[in-house]
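Undergrad: make a model of this:
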Amino acid sequence: MEVFKHDLENLFSQLGLASDKDSIELFLSEHSVPASTSLQDATFWTQSQQQFLREALLQDADWSEQIDLLDSRLRRQ
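TA: Next up is the predicted model:
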C-alpha cells in the first residue's frame, strides 16, 4: 500500500507550483483572495488549477484539508 503525504508542499506540487517552503511563503505574500471570491475562482489560478481545486473540494478528497489551509492563508484580514 502506497502512502502519500498530503501536505501544503505536495499540494503546491499538484498545482504545478514551486513547492519549497520559501517559494510557498513568497506565493502567499504575493497573492490574496477577496472575501467575496471562492478560492478556486481566484484570478491567479490557471484553468487546470481551478479544476483541480474545485474537484478536490467537491469530492471531499484527501487534499481538502490542505486546500482549506491554503484558502485561509490567502485571505487577508
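Undergrad: ok, longest helix in this protein?
TA: Among the segments of the chain that qualify as a helix by DSSP state H, the longest is helix 47-58.
Undergrad: give me the distance between that one and the centre of its chain.
TA: 9 Å (CA atoms, centre = their mean, to the nearest Å).
Undergrad: beyond it, next helix or strand please.
TA: The first helix or strand that comes after helix 47-58 along the chain, using DSSP states H and E, is helix 64-73.
Undergrad: mind listing what's buried in that next one?
TA: By neighbour count, with 16 or more other CB atoms under 10 Å as the criterion, the buried positions of helix 64-73 are 66-67, 70-71. For glycine as for every other residue, the C-beta is placed from the backbone atoms N, C-alpha and C.
Undergrad: quick check, nearest of these to A56?
TA: Sorting the buried residues of helix 64-73 by distance to A56 puts I67 at the head of the list, at 5.9 Å, by CB to CB.
Undergrad: how much space between the closest one and F27?
TA: 14 Å (CB to CB, to the nearest Å).
Undergrad: same check, this time on F52
TA: Computed with CB to CB, the distance linking F52 and F27 is 16 Å.
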